[in-house]
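Student: sequence? don't have it. structure:
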């Protein structure tokens, strides 16, 4: 069976999300670089894979997908075993809780984190200056999410419940970058969140993808 | 079996999303109002159901959920039959495409639509004036999504493929309000999108929920 293909560099958080799922299930994969400087992401080949001209795109035989969380679901579903079931499929309650907290990550956690990252790291590269007002508002939004996470993690070991899932994995790429920014201290007020992150960053799959992210961030 | 409970008024688009799924599968349900004027949404009972103090929340026996798309997935999974399988579970390719396009709706379509709705309808109620710059930018973002939808719908009858799914249903609440605003003309340039919406708004479940939305919008 030919390995699946992931289009886009590991340095992109949405690509890293897919890679960590592939690593968790031990799937063979190939990373295919998309050359943004040559505007390959807006070329016909890539647009056929991702009509928004973004990364990642994903190919498994003649099936092409985009959207990092949808790809992640596909990978985890395909390689599900009794031991590795990171969507909790087959259990209606647990899989519903995975869906709930994955939506929290996608719709609340990620936008707040990404907004800070964009202002602090991307805006200067594009010749602008970080908008401190946007950063402040985004950090406030992040705090509101972390308040909820701290309470949740006082009752359960992981966000969706007492089992690791795609929800936890999905948090690592943005958090990894955030922890290298001066705003990381916002996490100091959340001991349970910090313990949860420590365990998350100790997973071999996460360590592996972080090494790929560093390699690509040149 | 006691009917499931949906907390929040049908007038909220995220509540309407859940209701249309319940209507599609013919499930019994009870709508429980949450009194925002009395700040019931920030009270302990509601926060136990939705820790962000938002609507909807959902209860099925002793299972409590929030996040409208997660609740919708739960409802459609629970009531799945061979005839009504709006997540396409059991088919790895089709269910993956449902996931892809639901993420497009949640992360690209809905934020653009909601931003226009907020500026045009909510800001004045809160004593402000609509920010025309934000409206203009949001309409531009919407156009980019509709460009992709028009191309997609030239190949398939529905967004996820040649089958109706949660993806289509999930678009109706925001679109319903948008069509009553002066910016609705943006859809004129997209004949296939219009035909798709026409079919969507003709579904009995959608008509039923629209009647509930109108009743509650007082």
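Tutor: Structure received. Keep in mind the model is a prediction, meaning the values are calculated, not measured. Residues are numbered from 1 along each chain as shown, chains lettered A, B, ... in the order given.
Student: tell me which residues in the lengthiest helix in chain A are buried?
Tutor: The single longest helix within chain A, with elements called by DSSP state H, is helix A:132-152. Buried residues in helix A:132-152, counting neighbours by 16 or more other Cβ atoms under 10 Å in any protein chain shown, are found at A:135, A:138, A:141-142, A:145-146, A:148-150, A:152. The C-beta positions use only the backbone N, C-alpha and C, and glycine is treated the same way.
Student: Kindly identify which of those also come near chain B.
Tutor: A:148, A:152 (Cβ under 8 Å from any Cβ of the partner chain).
Student: For the spatially closest residue to residue A:60 that is not a sequence neighbour, give its distance to residue A:59.
Tutor: Leaving aside its sequence neighbours, residue A:60 sits nearest to residue A:4 (Cβ to Cβ, 6 or more residues apart in numbering or on different chains; 4.5 Å). Between residue A:4 and residue A:59 the computed distance is 6 Å (Cβ to Cβ, to the nearest Å).
Student: How about residue A:111?
Tutor: Distance from residue A:111 to residue A:59, by Cβ to Cβ: 28 Å.
Student: With residue A:79 instead?
Tutor: Where residue A:59 is concerned, residue A:79 sits at a distance of 16 Å (Cβ to Cβ).
Student: Domain boundaries for chain A, per the record?
Tutor: A:4-78, A:92-204 (automatic domain parsing).
Student: Report the separation between the two terminal residues of the last one.
Tutor: In domain A:92-204, first residue to last residue: 29 Å (Cα to Cα, to the nearest Å).
Student: same question, the shortest one
Tutor: The straight-line separation of the ends of domain A:4-78 (Cα to Cα) is 12 Å.
Student: And stretch A:172-184, by the same measure?
Tutor: Stretch A:172-184 end-to-end distance (Cα to Cα) = 14 Å.
Student: Check stretch A:107-123 too.
Tutor: 22 Å.
Student: buried set for it?
Tutor: Within stretch A:107-123, the residues that count as buried by 16+ other Cβ under 10 Å are A:107-120, A:123.
Student: So what touches that stretch?
Tutor: Contact with stretch A:107-123 is made by A:13, A:129-132, A:134-135, A:138-139, A:141-142, A:144-145, A:171, A:174-175, A:177-178, A:181-183, B:52, B:67, B:106-107, as judged by Cβ atoms under 8 Å, 6 or more residues apart in numbering or on different chains.
Student: Give me the average confidence score over that stretch.
Tutor: In this model, stretch A:107-123 has an average pLDDT of 96.
Student: Same question for stretch A:60-68.
Tutor: Mean predicted confidence for stretch A:60-68 is 98.
Student: State the number of residues packed around the closest residue to residue A:67 other than its chain neighbours.
Tutor: Nearest residue to residue A:67 in three dimensions, chain neighbours excluded: residue B:103, at 4.0 Å (Cβ to Cβ, 6+ apart). Around residue B:103 sit 20 other residues, with neighbours defined as other Cβ atoms under 10 Å in any protein chain shown.
Student: Quick one: list the elements packing against the helix or strand containing residue B:103.
Tutor: Counting by DSSP states H and E, the element that carries residue B:103 is helix B:92-104. Helix B:92-104 makes packing contacts with strand A:63-66, helix A:68-78, helix B:166-178 when contacts are defined by 3 or more Cβ pairs under 8 Å, 6 or more residues apart in numbering or on different chains; DSSP states H and E.
Student: of all the ones you listed, which lies closest to residue B:92?
Tutor: Smallest distance to residue B:92 across the helices and strands packed on helix B:92-104 (Cβ to Cβ): 6.5 Å, for helix A:68-78.
Student: Get me the contact residues on chain A for chain B.
Tutor: A:51-52, A:63, A:65-67, A:69-71, A:73-74, A:77-78, A:92-93, A:95-97, A:99-100, A:102-104, A:106-108, A:144, A:148, A:151-152.
Student: try 7 Å
Tutor: A:51-52, A:63, A:65-67, A:69-70, A:73-74, A:77-78, A:92-93, A:96, A:99-100, A:103-104, A:106-107, A:148, A:151 (Cβ under 7 Å from any Cβ of the partner chain).
Student: In PyMOL, how would I select just the buried ones from those?
Tutor: Buried residues within the residues of chain A next to chain B, by 16+ other Cβ under 10 Å, are selected in PyMOL with:
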select buried, chain A and resi 51+52+65+66+67+69+70+73+74+77+96+99+100+103+104+106+107+148
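Student: residue ranges with poor pLDDT in chain A?
Tutor: For chain A, the stretches with pLDDT under 70 are A:216-218.
Student: what's the spacing between the residue nearest to residue A:60 and chain B?
Tutor: Distance, residue A:4 to chain B, using Cβ to the nearest Cβ, to the nearest Å: 12 Å.
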